[in-house]
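Undergrad: how would this look folded up:
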Amino acid sequence: MEDFSDKDGKPGSRRIHGLLSVCPQRFGYTVRQYALLSSTYAWLGKILKGFSGAEVESLSTTHGLIHAYGIFFIACGLTGVPAVLLFAALDYWHRRKQPVAAMGLNAN
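TA: Here you go, the predicted structure:
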């Protein structure tokens, strides 16, 4: 995978400029929104990964180092649960709306 960060590790200007330059103007607002949101998640990850060692170290004082890594790994995995639930809800909503749209097309 390619890292779009600048030389100093900041994932800002080049990533946003690259995403905005390849898309046509008619998609302007949506593309700008996507570019800003995708660079924001990358930026947040770059900042938060610096604190992971401190978190594991603080957990290791009470649980031991191996268990601290396990707890940290599980906690990081649980951060993806809201996205999976949102995806499942959107899939359910899409499937529920799909037959209505198909019946409407066949009626013509």
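Undergrad: just for the chain, where's the confidence low?
TA: Low-confidence segments of the chain (pLDDT under 70): 1-29, 31, 41, 44, 99-108.
Undergrad: and if we set it to 90?
TA: Scanning the chain with the threshold set as pLDDT under 90 gives 1-52, 76-77, 79-80, 82-83, 87, 90-91, 93-108.
Undergrad: which residues in it form helices?
TA: 13-21, 28-48, 52-63, 65-78, 81-106 (DSSP state H).
Undergrad: got those as JSON lines, with mean neighbour count columns?
TA: (Each C-beta comes from the backbone N, C-alpha and C, glycine too.) JSON lines is the format used below for the helices of the chain (neighbours: other Cβ atoms under 10 Å):
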{"stretch": "helix 13-21", "mean neighbour count": "14"}
{"stretch": "helix 28-48", "mean neighbour count": "13"}
{"stretch": "helix 52-63", "mean neighbour count": "13"}
{"stretch": "helix 65-78", "mean neighbour count": "12"}
{"stretch": "helix 81-106", "mean neighbour count": "9"}
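Undergrad: how much space between Ala42 and Ala68?
TA: As judged by Cβ to Cβ, to the nearest Å, Ala42 and Ala68 stand 26 Å apart.
Undergrad: swap that for Leu36, sorry
TA: Distance, Leu36 to Ala68, using Cβ to Cβ: 35 Å.
Undergrad: check Ile47 too.
TA: 21 Å.
Undergrad: do the same with Arg96
TA: According to Cβ to Cβ, Arg96 and Ala68 sit 43 Å apart.
Undergrad: now Gly45
TA: Counting by Cβ to Cβ, the gap from Gly45 to Ala68 is 21 Å.
Undergrad: repeat that for Glu57.
TA: 8 Å.
Undergrad: over to Thr61?
TA: 8 Å.
Undergrad: same question for Gln33.
TA: 38 Å.
Undergrad: same question for Tyr34.
TA: 37 Å.
Undergrad: so what touches stretch 70-89?
TA: 52, 55-56, 59, 63 (Cβ atoms under 8 Å, 6 or more residues apart in numbering).
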